[in-house]
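Asker: my questions are about this predicted structure, shown below with the sequence.
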Amino acid sequence: MSDSECIRTFKFKFRRMELRKEKIIEKLLFVSALSSILIVFFIIAFMLKESIPALALGWDFFFGMTWHPSHEQFGIFPIVVTTFVVGIGALAIAAAIGIPTAIFLAEFSPRWLRNIIKPCVEMLVGIPSIVLGFFGLMVLVVFIRDSFGGYGECILAGWIILAIMTLPHVISISEDSIRAVPKGYKEASLALGATQLQTIRRAILPNARSGILASLILGMGNAVGETMAVLMVIGNPEIPWIPSSILEPVRVLTSTIVLEYSYVVWGSMHQHALFAIGVVLFVIVAIFNLVTTVAVKGRFGATTAIKGVIGSR
Amino acid sequence: MSKIETRSLNVYYDGGTVHALKGVNIKIEANKITALIGPSGCGKTTFLRALNRMNELNGVKTRGKVLMDGVDIYSRKVDVIQLRKRIGMVFQQPNPFPMSIFDNVAYGPRIHGLRNRKLERIIEESLKKAALWEEVKDRLEESALKLSGGQQQRLCIARALAVNPEVLLFDEPCSALDPVSTARIEALLRELKNDYTIVIVTHNMQQAARVSDFTAFFLMGELIEFGETMQIFEKPRDKRTEDYITGRFG
């Protein structure tokens, strides 16, 4: 065998080894990608299987007005209603504070002030929810009880605590989508003699709308799924009802599971019902995420703003 | 008579570390086209944006005077909103808003408080002046983003005209356009100078020679030479102008 032939065979062998190695790695990557699908699939399958007896109650489960496990009554309607009441109220507060903050940060704030506000907002994310809940219980609840009467543990307290938790997301995503509006729109508007406020209202906000909307829906999903902090401040009455005032104590879906899983009888209808609540929660949050995706994608003209939002996450 | 006059106009940015315009004195004639030429970074766009105070958006320091009809536009008494209404601007990239053609042109009049009845007439007039009316009169409600690049740029001109300015500033309006669209815009410029004072920044020396009455040559923030376009292109007084025009640098 000549030298050059020798080298050629070696190269060939070497390449074949490389190819085989690539194939193996590719397979391994595929398996790890598959694992997340499997995990999701098994969780959903297991939850569905465990919850079917309760879901099969149908109307009595979804629209039953009484949740009273010891009397074999498993109506979640009041709980679902209060979950949405708590979520939407919290979101309204977060939006009312967060969107103006985002506008201020993106359009008006001098750099030094932004360098103070931004880290503070981001610090909010870092507060563990149990700490926030404890603060809520010790400070907020007491304050509400002293100034408005009632138990103190109520919808209003839940709103405020959840709003604090949602706020940083609303602020940062809204700010990013405002910043992602092409500079040309702003300049064109100002060059036509628009004031800064007119420019924000007519040229910038309409183009940042989808991102702001996305931040709100995403915030809503988080608020509905949030457990610990809310649990600690909303009271959780033994038998929930549909409240008529924001000072009444309520239950939400998450808190119901946490409060009752510890004493539930294995294999009882009660246990199935708790799993069914889990499924309902899962579906609600999934719908919010889906709507966010659709809201962000299906919007004409503002592709850059959207890319900015997605890129920032 | 000169419409705009600058007196030792100095512009600094990045906290005063960059001296972008160095003592520029120029007299811009009314109802003429004045072209600003020079290599990249020579200050011509900065100069243009000094004329309607758009530089202020980027935290720029301006010293000296810019007189418009004899009034210093940087004096405290001047309302920047009113000023920008009198001085329209068209940008390098066509930047129509993502809304209908009608709403784009109506944007300016609406922010200045005009309501619907008069609006339609203004929009028709503006689009006609911008030589776009015939192409879009049947689809005013369509998105402006569906127009071609050249049409979008003419829409931006119509949008600027709708607030009835006295001066029009163009910042390389053709650099993103094909030759046919460029020719249309140039024809439009010649038409518009009957009613407006026009200042145009251009990278393209042929364009300056074709459309302008006066030409100003900038280099490193200094106004090197200013005069009638014929004179600048045929008998430049300064060696650097000659070098630039004959393509020796830039």
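Answerer: All right, it came through fine.
Asker: so residue B:32 makes contact with residue B:193?
Answerer: Yes: between residue B:32 and residue B:193 there is a contact at 6.4 Å, judged by C-beta atoms under 8 Å. Any C-beta I mention is one placed from the backbone N, CA and C, and that applies to glycine too.
Asker: so for the helix or strand where residue A:290 lies, mean pLDDT?
Answerer: Following DSSP states H and E, one finds residue A:290 within helix A:269-297. Taken as a whole, helix A:269-297 has an average pLDDT of 88.
Asker: hang on, the earlier thing: common neighbours of residue B:32 and residue B:193, please.
Answerer: residue B:213 (C-beta atoms under 8 Å, 6 or more residues apart in numbering or on different chains).
Asker: mean confidence score for stretch B:43-56?
Answerer: The model assigns stretch B:43-56 a mean pLDDT of 92.
Asker: cool, and stretch A:46-53?
Answerer: 92.
Asker: quick one: buried residues of it?
Answerer: A:47, A:50-51, A:53 (16 or more other C-beta atoms under 10 Å in any protein chain shown).
Asker: report the central residue of chain B.
Answerer: The geometric centre of chain B, computed from its C-alpha atoms, lies nearest to residue B:169 (C-alpha atoms, centre = their mean), at 1.6 Å.
Asker: same deal with chain A?
Answerer: Centre-nearest of chain A using C-alpha atoms, centre = their mean is residue A:222, 2.3 Å out.
Asker: wait, what's in contact with that one?
Answerer: A:165-166, A:169.
Asker: which one (most neighbours) among those?
Answerer: Neighbour counts for those peak at residue A:166, which has 28 neighbours (criterion: other C-beta atoms under 10 Å in any protein chain shown).
Asker: measure that residue to chain B for me?
Answerer: According to C-beta to the nearest C-beta, to the nearest Å, residue A:166 stands 29 Å off from chain B.
Asker: got the buried residues for the strand or helix carrying that residue?
Answerer: Using DSSP H and E, residue A:166 sits in helix A:155-179. Within helix A:155-179, the residues that count as buried by 16+ other C-beta under 10 Å are A:155-179.
Asker: could you pull out the strands for the chain?
Answerer: Using chain A. With DSSP state E, the ranges of strands along chain A come out as A:67-68, A:73-74.
Asker: hmm, I had chain B in mind actually
Answerer: B:2-13, B:18-29, B:33-37, B:61-68, B:71-72, B:87-90, B:167-171, B:197-201, B:214-219, B:222-228.
Asker: and for the third one, what's in contact with it?
Answerer: Spelled out, that is strand B:33-37. Outside strand B:33-37, the residues that touch it by C-beta under 8 Å, 6+ apart are B:28, B:44, B:47-48, B:189-190, B:193, B:198-203, B:205, B:207-208, B:211-218, B:229, B:244.
Asker: just the fifth one next, same as before
Answerer: With C-beta under 8 Å, 6+ apart as the contact definition, strand B:71-72 has outside contacts at B:65-66, B:78.
Asker: restrict those residues to contacts with chain A.
Answerer: Near chain A, judged by C-beta under 8 Å from any C-beta of the partner chain, there are no entries from those.
Asker: quick check, nearest of those to residue A:74?
Answerer: residue B:78 (72.6 Å; C-beta to C-beta).
Asker: low-scoring stretches of chain B, by residue?
Answerer: B:1, B:250 (pLDDT under 70).
Asker: no wait, chain A
Answerer: A:1-13, A:297-313.
Asker: re earlier: measure the residue nearest to the centre of chain A to residue A:47 for me?
Answerer: Counting by C-beta to C-beta, to the nearest Å, the gap from residue A:222 to residue A:47 is 20 Å.
Asker: do the same with residue A:237
Answerer: Applying C-beta to C-beta, the value for residue A:237 to residue A:47 is 26 Å.
Asker: any residues of chain B in contact with chain A? List them.
Answerer: Checking chain B against chain A by C-beta under 8 Å from any C-beta, the hits are B:52, B:54, B:57, B:81-85, B:88-89, B:91, B:93, B:95, B:97-99, B:107-108, B:110-112, B:143, B:145, B:156, B:159-160, B:163.
Asker: tell me the buried residues within these.
Answerer: B:52, B:54, B:81, B:83-85, B:88-89, B:91, B:93, B:95, B:97-99, B:107-108, B:110-112, B:143, B:145, B:156, B:159-160, B:163.
Asker: next step: those residues restricted to helices.
Answerer: Among those, the members found in helices (DSSP state H) are B:81, B:83-85, B:107-108, B:110-111, B:156, B:159-160.
Asker: count the neighbours of residue A:237 for me.
Answerer: Using other C-beta under 10 Å, residue A:237 has 16 neighbouring residues.
Asker: leaving out sequence neighbours, find the closest residue to residue B:32.
Answerer: residue B:213 (4.2 Å; C-beta to C-beta, 6 or more residues apart in numbering or on different chains).
Asker: quick one: the residue nearest to the centre of chain B and residue B:51 touch, right?
Answerer: Yes: Residue B:169 is within contact range of residue B:51, at 6.0 Å (criterion: C-beta under 8 Å).
Asker: overlap in contacts, the two.
Answerer: Common neighbours of residue B:169 and residue B:51 (C-beta under 8 Å, 6+ apart) are B:87, B:199.
Asker: returning to that earlier point: what's the ChimeraX line that selects buried ones from the contacts of strand B:33-37?
Answerer: Selection of buried members from these for ChimeraX, criterion 16+ other C-beta under 10 Å:
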select /B:28,44,47,48,189,193,198,199,200,201,202,203,205,207,208,211,212,213,214,215,216,217,218,229,244
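Asker: buried residues in stretch A:130-148?
Answerer: Result for stretch A:130-148 [16+ other C-beta under 10 Å]: buried residues A:132-133, A:135-137, A:140-141, A:144-145.
Asker: which of those sits closest to chain B?
Answerer: residue A:132 (38.5 Å; C-beta to the nearest C-beta).
Asker: burial count for the nearest residue to that closest one once chain neighbours are set aside?
Answerer: Leaving aside its chain neighbours, residue A:132 sits nearest to residue A:229 (4.6 Å; criterion: C-beta to C-beta, 6+ apart). Residue A:229: 24 surrounding residues under other C-beta under 10 Å.
Asker: surely residue A:229 meets residue A:129?
Answerer: Yes: between residue A:229 and residue A:129 there is a contact at 4.2 Å, judged by C-beta under 8 Å.
Asker: shared neighbours, those two?
Answerer: residue A:165.
Asker: possible to save the buried residues of stretch A:46-53 as JSON lines with distance to residue A:36?
Answerer: Output for these, formatted as JSON lines (distance: C-beta to C-beta, whole Å):
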{"residue": "A:47", "distance to residue A:36": "17"}
{"residue": "A:50", "distance to residue A:36": "22"}
{"residue": "A:51", "distance to residue A:36": "22"}
{"residue": "A:53", "distance to residue A:36": "29"}
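Asker: picking up where we left off before, between the strands of chain A, which one is nearest to residue B:39?
Answerer: Taking C-beta to C-beta, strand A:67-68 is the member of these nearest to residue B:39, at 76.8 Å.
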